[in-house]
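1. predicted model follows, preceded by the sequence.
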Amino acid sequence: MASLTLFQRLTKCWQISSRDSEAALKPAVKILVTGAAGQIGYAILPMIARGQMLGLDQPVIIHMLDIPSSSEALGGVKMELIDSALPLLRGVVATTDVVEACKDVNFAVMLAGFPRLEGMERKELMSKNVAIYKAQASALEQHAAPNCKILVVANPANTNALILKQFALSIPARNITCLTRLDHNRALGQLSERLHVHIGDVKNVIIWGNHSSTQYPDANHAIVKTKDGEKSAKELVANDAWFKGEFISTVQQRGAAILKARKLSSSLSAASAACDHMHDWILGTPKGTWVSMGVYSDGSYGVPDGVYYSFPVTCDKKEWCIVQGLTVDEFSRRKMEATGQELVEEKNLAYSVVSA
């Protein structure tokens, strides 16, 4: 038999390499994104399809859900995803039917929510979001895959997560979380800029409580990698007034500042943070590092139980665990109590709407 030509050998090697690469991929998973035609949806969908959320070896089938008035825009987003020729993307479902959207999904990113309009009362806002999350909770409970993991992004995120839990009682509370990673990332960014270090060299900030202006960004336990080893961020900054003042207020008000500058909300950073949240929840946090997640409170650190409250957590094997034993000073305690009280008030308001 004649020996193979160089071209034939190269072609054979490429075919073997392609088969090996395909064999290394995991089975495809289904990811629901609600409010998919919106600004955050438009930002997050290519991130998901490129592996930023679940890894470069995880093929995905994306289920996009939005309201009927957005169906045309949703179809346009689907066309763009197809046109992007994304290797990990195995399929796209674009629908306004909540049951079809939730069918067999393994993960859900809940971007849909009713925004607070000028002059709108809190109770009216809560009523509209209760209606949205009641319908989606029912569909997820009945049609999602077993052990589906859910991230609530739409504000009020903590209380929307609680509403979802109340209307989907068969879904474990541990499988529902809400996004405070955006605030966590903002806190890392503020320390990085203050110390003129790479953001990857800063870790273990904490966002306590609600994703609102009462949240408490806490840098008391933050660590910075230096050429001389890891050091306390507080030691390196050496300015307690900055930590208790400008640092906190900048993180709390960052979303408003971006809205004022862009005339649009912080969609790109929210999408990136949602990917970070799911990535670490499913694939695990690095050893010695914690992240902030809104999770169902068990009363740790004396905060209210029965609400979704942001804690420092570590993640392993698709499960989160609240970091225990951290020192909480009196200043921090007051801040944690204030944001916890706001969450209790939101919970009571939501429950009053449900029972009305």
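-> Structure's in. What do you need?
2. for the longest strand seen in the chain, what is the average pLDDT?
-> Assignment by DSSP state E gives strand 308-316 as the longest strand of the chain. For strand 308-316, the mean per-residue pLDDT is 98.
3. repeat for stretch 54-71
-> 97.
4. can you give me the strands for the stretch 251-356 of the chain?
-> 291-296, 308-316, 319-322 (DSSP state E, counting those that start in this stretch).
5. what about the first one, average pLDDT?
-> Looking back up the chat, that one is strand 291-296. Here the average pLDDT along strand 291-296 is 98.
6. quick one: contacts of that strand?
-> 152, 157-158, 161, 165, 173-174, 176-181, 183-184, 205-207, 211, 276-277, 280-281, 285, 306-315, 320, 322 (CB atoms under 8 Å, 6 or more residues apart in numbering). Where C-beta positions appear, they are placed from N, C-alpha and C, glycine not excepted.
7. that older thread, by how many degrees do the longest strand of the chain and strand 291-296 diverge?
-> 120 degrees (axes from the mean of the first three to the mean of the last three CA atoms, to 10 degrees).
8. pull out the buried residues from strand 308-316.
-> Buried residues in strand 308-316, defined by neighbour count with 16 or more other CB atoms under 10 Å: 308-315.
9. try stretch 169-184
-> Buried residues in stretch 169-184, counted by 16+ other CB under 10 Å: 171, 173, 175-184.
10. nearest to Q52, of those?
-> Within the buried residues of stretch 169-184, distances to Q52 taken as CB to CB reach their minimum at R181, with 13.2 Å.
11. and the pLDDT for the closest one?
-> So R181 comes in at 98 (pLDDT).
12. also A356?
-> 66.
13. look up how far D201 lies from the residue nearest the centre of the chain.
-> Per CA atoms, centre = their mean, the C-alpha nearest to the average position across the chain is that of A274, at 3.0 Å. Going from A274 to D201 by CB to CB, to the nearest Å gives 23 Å.
14. how about low-confidence regions in the chain?
-> Within the chain, the ranges that satisfy pLDDT under 70 run 1-23, 118, 356.
15. domain parsing for it?
-> The chain resolves into domains spanning 27-178, 181-352 when parsed by automatic domain parsing.
16. show the end-to-end separation of the first one, please.
-> Between the opening and closing residues of domain 27-178 lies a distance of 26 Å (CA to CA, to the nearest Å).
17. try stretch 238-249
-> Taking CA to CA as the criterion, the two ends of stretch 238-249 lie 18 Å apart.
18. now do the same contact list for F167.
-> Contacts of F167 (CB under 8 Å, 6+ apart): 133-134, 137-138, 141.
19. verify the contact between N204 and N220 for me.
-> No. Proximity of N204 to N220 does not meet the contact threshold set by CB atoms under 8 Å, at 9.6 Å.
20. what ranges do the strands span in the stretch 1-150 of the chain?
-> Secondary structure of the stretch 1-150 of the chain (DSSP E, counting those that start in this stretch): strands located at 29-34, 60-65, 89-95, 107-110, 149-152.
21. please identify the most buried of those strands.
-> A comparison of these by mean neighbour count, using mean count of other CB atoms under 10 Å, puts strand 107-110 on top with a mean of 27.
22. need the contact partners of that one.
-> 29-35, 44, 54, 102, 133, 136, 140, 144, 148-154, 160, 164, 274, 278, 282.
23. so what's the gap between it and the chain middle?
-> Mean-position distance between strand 107-110 and its chain equals 9 Å (CA atoms, centre = their mean, to the nearest Å).
24. ok, stretch 152-160 next?
-> With CA atoms, centre = their mean, you get 10 Å for stretch 152-160.
25. what distance do you get for the closest residue to D276 other than its chain neighbours to D298?
-> Of all residues not flanking D276 in the chain, R181 sits nearest, at 5.2 Å (CB to CB, 6 or more residues apart in numbering). Distance check for R181 against D298: by CB to CB, it reads 20 Å.
26. which parts of stretch 117-132 are buried?
-> By 16+ other CB under 10 Å, the buried positions in stretch 117-132 come out as 125-130, 132.
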